[in-house]
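In: Quick one, what's the 3D model for this:
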Amino acid sequence: VPCGPVEVDQAVKAAKSAFGHWSKMSGMERARTMIEAAHIIESRREEIAEMEVVNNGKSITEARLDVDSARLCIEYYAGLASTLAGQHVQLPGGSFAYTRREPLGVCVGIGAWNYPFQIAAWKSAPALACGNSMVFKPSPVTPVTAVMLAEIYAKAGAPEGLLNVVQGGQETGSLLCHHPDVAKLSFTGSVPTGQKIMEMASKGVKPVTLELGGKSPLLIFQDSDLENAVRGALMANFLSQGQVCSNGTRVFVQRDILPEFVEEVVKRTQAIEIGDPLLESTRMGALVSRSHLDKVLSFVDQAKKEGATVMCGGEPFVPSDPKLRGGYYMTPCVLSNCTDEMTCVKEEIFGPVMSVLSFETEEEVLQRANDTTLGLAAGVFTRDVRRAHRVVEHLKAGSCFINNYNITPVEVPFGGFKMSGIGRENGQVTIEYYTQLKTVFVEMGDVDSLF
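Out: I've put the predicted structure just below:
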């Protein structure tokens, strides 16, 4: 049963009450609780990772990395909690002003189903470090691991209700957005839902952080280290069964190396081990739901109709283990002979489908790479250091990669340009998105009155 008005109100009230206590603590005190939470995550890594596999269907190998990212994020913001500081400004006649960074209050986090535990940590860690409390709503498709994170914070000594989890879909999300005691909204998900959330937030003039979709370009120049370019393209398309917003799904390859590149990518793609995500050897698990699998497969059919060549994959997969017969599996797919107008190149598929396009010149590929309303990520492979930086300067995307792809260290900001979102997650700058600035003017002399 999804949380209705009563449960949402309870959750926000509890978070508001926890905020009263938490926001008065020093950064050092908050950090201690957060570090303790990180230690608990570390000690329960395997258990959380296994639950994430059951929750989402990704491979255990990837799930462990997600749990590590969540822990590192909490450790990172624990370290920043005691560094929150303002500025002192000297004014004429001995007067001065100072600024204070103050928490916002109850923040709302709304998560996506592709990285359920990691997103809950990426949203809660900076919020809590800054002295806020949070009500978090995971995707109804993956409701479990966010609850584990809330339990871990509680066990680490956080005041009751500091991270509260509510379950439900659109209606629950809407109640959170409109709640008068909510100060800020942070959402990860699709562009249409992000637009709705921004609209709802506008009613209460609430700030939003939006981490939305992408159709990111990966540019592979003929002077690239081919082995690394192939690895990069695989990492850019097949992590989490391709269900990653920052995936580099438009792979532009310079014409001279195109046949060699495609041959190698296809060989590696066909060798990807699909099956039981709890097995160490598995590299690709199941997609998140039957309807999502059908949608991804229909994109492959559409690509064929529009003239793309299926080099491999793109079909339902039935594992040999009878227990997994009904699983939502598909073979990872490489499409070649793609053009900019094709649906598979224009729309976010959110599945294990790589579209390969050919290009001739740097100028041409930049124009084509930027010809999209989205701008989450972009990548370039080249040995020419000047070209690498020149190309990245012209790519309109929030997270750019040179000679790698889909690396998200918690020390650096992550987020999009254009319709891929607003605000950032991770890195120092995120402190600005979870605090508000108060200016205080101090008069040391007499009031100079015009009256």
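In: Per-residue pLDDT of Thr373, please?
Out: Listed pLDDT for Thr373 reads 97.
In: For it, give me its contacts.
Out: Residues near Thr373 by CB atoms under 8 Å, 6 or more residues apart in numbering: Lys418, Met419. No exception for glycine: its C-beta is placed from N, CA and C like everyone else's.
In: same thing with Val412?
Out: Contacts of Val412 by CB under 8 Å, 6+ apart are Asn426, Gly427.
In: That one: which element?
Out: Assigned by DSSP states H and E, Val412 belongs to no helix or strand.
In: what separates the longest helix along the chain from the chain centre, distance-wise?
Out: For the chain, the longest helix by residue count, based on DSSP state H, is helix 60-81. Here helix 60-81 is found 13 Å from its chain centre; the criterion is CA atoms, centre = their mean, to the nearest Å.
In: got it, and stretch 286-306?
Out: 22 Å.
In: so how far is stretch 199-210 off the chain centroid?
Out: On CA atoms, centre = their mean, the centre of stretch 199-210 falls 19 Å from that of its chain.
In: Quote the end-to-end distance of it.
Out: The first residue of stretch 199-210 is 12 Å away from its last residue (CA to CA, to the nearest Å).
In: Give me the contact list for that stretch.
Out: 104, 174, 177-178, 180, 182-187, 194, 197-198, 415, 421-425, 433.
In: let's see 7 Å
Out: Contact partners of stretch 199-210, identified using CB atoms under 7 Å, 6 or more residues apart in numbering, comprise 174, 177-178, 180, 182-187, 194, 197-198, 421-423, 425, 433.
In: Can I take it that Met148 is in a strand?
Out: No. Counting by DSSP: H, G, I helix; E, B strand; the rest coil, Met148 is located in no strand; its state is helix.
In: which other helices and strands contact the helix or strand that the longest helix of the chain is followed by?
Out: Counting by DSSP H and E, the next helix or strand C-terminal to helix 60-81 is strand 88-90. Judged by 3 or more CB pairs under 7 Å, 6 or more residues apart in numbering; DSSP states H and E, strand 88-90 is in contact with strand 96-103.
In: Show me which of the contacts of stretch 199-210 are buried.
Out: 177, 182-187, 194, 197-198, 421-423, 425, 433 (16 or more other CB atoms under 10 Å).
In: now the helices: where do they sit in the stretch 301-450 of the chain?
Out: 343-346, 362-369, 385-394 (DSSP state H, counting those that start in this stretch).
In: which of the ones you listed sits most buried?
Out: helix 343-346 (a mean of 19; mean count of other CB atoms under 10 Å).
In: Just the buried residues of the longest helix of the chain, please?
Out: 60-64, 66-78, 80-81.
In: So, low pLDDT: which residues of the stretch 351-451 of the chain?
Out: In the prediction, the stretch 351-451 of the chain carries no residues with pLDDT under 70.
In: where do the strands sit along it?
Out: 353-359, 374-375, 377-381, 399-402, 417-418, 421-422, 435-442 (DSSP state E, counting those that start in this stretch).
In: and the third one with helix 385-394, angle?
Out: I take that to be strand 377-381. Orientation note: strand 377-381 sits at an angle of 160 degrees relative to helix 385-394 (axes from the mean of the first three to the mean of the last three CA atoms, to 10 degrees).
In: which ones are touching the closest residue to Pro316 other than its chain neighbours?
Out: Among residues not flanking Pro316 along the chain, Met330 sits closest, at 5.7 Å (CB to CB, 6 or more residues apart in numbering). Contact analysis of Met330 by CB under 7 Å, 6+ apart lists Leu287, Leu293, Val296, Leu297, Glu315, Pro316, Phe317, Pro352.
In: hmm, which of these are the buried ones?
Out: For the contacts of Met330, buried by 16+ other CB under 10 Å: Leu287, Leu293, Val296, Leu297, Phe317, Pro352.
In: what helix or strand is the third one on?
Out: Element membership of Val296 [criterion: DSSP H and E] is helix 290-305.
In: Show me what that helix is packed up against.
Out: helix 343-346, strand 353-359.
In: Which of these sits closest to Gln87?
Out: With CB to CB, the closest approach to Gln87 among these belongs to helix 343-346: 45.9 Å.
In: For the closest one, the averaged confidence score.
Out: Helix 343-346 comes out at a mean pLDDT of 98.
In: could you show me where the strands are in the stretch 201-350 of the chain, in order?
Out: Going by DSSP E, counting those that start in this stretch, the stretch 201-350 of the chain shows strands at 208-211, 217-220, 250-254, 309-312, 333-336.
In: Need the winner for burial among those.
Out: strand 217-220 (a mean of 28).
In: where does the residue lying closest to Thr193 once chain neighbours are set aside land in three-state SS?
Out: Among residues not flanking Thr193 along the chain, Phe187 sits closest, at 7.2 Å (CB to CB, 6+ apart). Look at Phe187: counting by three-state DSSP, its state is strand.
In: Please name the residues that touch Phe187.
Out: Phe187 neighbours (CB under 7 Å, 6+ apart): Ile110, Gly194, Ile197, Val208, Leu210.
In: Just the pLDDT for the last one.
Out: Model confidence at Leu210, expressed as pLDDT, equals 98.
In: deepest of the strands of the stretch 351-451 of the chain, which one?
Out: It is strand 377-381: most buried of the strands of the stretch 351-451 of the chain by mean count of other CB under 10 Å, with a mean of 29.
In: Name the strands paired with that one and say parallel or antiparallel.
Out: If you go by DSSP bridges, strand 377-381 pairs up with strand 217-220 (parallel), strand 399-402 (parallel).
In: can you redo those as JSON lines with distance to Gly86?
Out: Formatted as JSON lines, the strands paired with strand 377-381 follow (distance: least, CB to CB, whole Å):
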{"stretch": "strand 217-220", "distance to Gly86": "40"}
{"stretch": "strand 399-402", "distance to Gly86": "29"}
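In: so which of the ones you listed gets nearest Asn132?
Out: Comparing the strands paired with strand 377-381 by CB to CB, strand 399-402 comes nearest, at 24.8 Å.
In: okay, the closest one in CSV with CA atoms only?
Out: Extracted in CSV, the C-alpha atoms of strand 399-402 (Å, rounded to 0.1, in the frame of the first residue of the first chain):
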residue,chain,number,x,y,z
SER,A,399,30.2,15.2,-16.9
CYS,A,400,32.8,14.7,-19.6
PHE,A,401,35.4,11.9,-19.8
ILE,A,402,38.7,11.8,-21.5
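In: I am finished for the moment; much appreciated.
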